[in-house]
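Chemist: mind folding the following:
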Amino acid sequence: MHLGDSSGHRGIPFVHKGERMSKKRSRNRECNYSGYTSPHFELKSVSPLTVNQELTFDAYKRQQNLILHGYAGTGKSYITMYLALKEVLSESTPFKKIITFRNVVPSRDMGFLPGSIKDKTRVYEEPYKEICDDLFGRGDGFDILKMKGFFEFTTTSHLRGLTFNDSIMIVDEMQNMTFQELDTIMTRVGNNSKIIFCGDFRQTDLIKDSEKSGINKFISITKRMKNFEYIEFEEQDIVRSGLVKDYIIQRTRMNISC
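Modeler: Residues are numbered from 1 along each chain as shown. Here you go, the predicted model:
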């Protein structure tokens with residue numbers, strides 16, 4: 001599999017681990033990116049670890065739009081990014097890029113951070129950089145994806161009037177978005193695009209009850225839609241670590257919210 005270039009391939013020499021490369025592909029293990037040479041990109045193979053992760057993989061293969069809701073540490077963002085990357089980087093893909101959306105305003109003191117808007121939002125890209133670098137087993141995996149135009153990060157601040165075509169749209173931390181923000185993103189989905197929402201109402205940074213209720217309103221609408229699949233991640237799906245799993249279970253048993 002290759003990532004885009006002018007010859008009709010997708011540009012970056014790309015293979016999944018365990019996939020046998022042809023002699024031609026083996027000889028072409030390096031390519032040039034704006035003045036520096038990088039070895040081939042290799043997306044590691046990821047398999048579902050829990051029942052609900054497996055349901056996610058299956059629903060994605062059936063081309064469903066998804067809402068993945070549930071506890072922290074269940075791998076929602078990780079497997080979503082893996083599935084999206086695997087598809088975007090394939091030769092036969094109909095999608096041009098991944099667009100990730102987040103609301104950066106829960107820290108509504110963002111204006112006091114130094115630098116441009118781009119500088120201020122960079123900190124919110126860190127989780128995706130960590131995921132991408134891990135999936136490719138190299139510290140510049142995320143940077144190469146961005147440079148080649150396969151990954152784009154945006155906020156909910158300036159979306160009105162936009163349409164996102166030929167894209168896999170990932171809406172992360174949806175519990176920090178008001179209904180108006182979720183509605184705006186949903187109505188931006190263009191032709192030949194799919195959308196995946198991830199979140200957990202227990203982790204909201206919103207303060208007003210009227211804003212917190214947005215995620216429930218939105219989920220209630222999408223549950224009525226045949227082209228959406230809702231998957232609830234439970235305590236048994238927590239895979240981040242045994243310590244995190246035990247902590248979240250005990251916190252839930254004591255009915256203590258964040």
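Chemist: alpha carbons only for contacts and neighbour counts from here, please
Modeler: Noted.
Chemist: chain neighbours aside, what residue packs nearest to residue 222?
Modeler: residue 228 (6.2 Å; Cα to Cα, 6 or more residues apart in numbering).
Chemist: apologies, that question was intended for residue 249.
Modeler: Excluding its sequence neighbours, the residue lying closest to residue 249 (Cα to Cα, 6+ apart) is residue 235, at 6.6 Å.
Chemist: just checking, that neighbour touches residue 72?
Modeler: No: assessed by Cα atoms under 8 Å, residue 235 is found out of contact with residue 72, at 9.0 Å.
Chemist: okay, the two: which has more neighbours?
Modeler: More crowded of residue 235 and residue 72, by other Cα atoms under 10 Å: residue 72, with 22 against 16.
Chemist: residue 198 is in contact with that one, correct?
Modeler: No: using Cα under 8 Å, residue 72 makes no contact with residue 198, being 10.5 Å away.
Chemist: how about the helices in the stretch 1-150 of the chain?
Modeler: Taking DSSP state H, counting those that start in this stretch as the test, the helices found in the stretch 1-150 of the chain are 23-27, 51-61, 76-88, 117-122, 126-136, 141-147.
Chemist: out of those, flag the one nearest residue 258.
Modeler: Closest to residue 258 of those is helix 76-88 (Cα to Cα; 19.0 Å).
Chemist: name the helix or strand for residue 196, please.
Modeler: strand 194-199 (DSSP states H and E).
Chemist: who does that strand touch, helix- and strand-wise?
Modeler: With contacts taken as 3 or more Cα pairs under 8 Å, 6 or more residues apart in numbering; DSSP states H and E, strand 194-199 sits against strand 65-70, helix 76-88, strand 167-171.
Chemist: now it against helix 51-61, angle please.
Modeler: Going by axes from the mean of the first three to the mean of the last three Cα atoms, to 10 degrees, strand 194-199 is angled at 160 degrees with respect to helix 51-61.
Chemist: what comes into contact with stretch 169-186?
Modeler: For stretch 169-186, contacts defined as Cα atoms under 8 Å, 6 or more residues apart in numbering pick out 77, 80, 98-103, 106, 156, 159-160, 193-201, 203-206, 211-215, 217-218.
Chemist: mind checking which of these are buried?
Modeler: Restricting the contacts of stretch 169-186 to buried positions leaves 77, 80, 98-103, 156, 193-201, 203-206, 211-215, 218, with burial counted as 16 or more other Cα atoms under 10 Å.
Chemist: burial of the closest residue in space to residue 145 that isn't next to it in sequence, as a residue count?
Modeler: Spatially, and ignoring its direct neighbours in sequence, residue 145 is nearest to residue 151 (5.7 Å; Cα to Cα, 6+ apart). Residue 151 has 21 neighbours, counted by other Cα under 10 Å.
Chemist: beta-bridge partners for residue 151, please?
Modeler: Beta-bridge partners of residue 151, counted by DSSP bridges, are residue 98.
Chemist: contacting residues for it?
Modeler: By Cα under 8 Å, 6+ apart, the contact set of residue 151 is 97, 98, 99, 100, 145.
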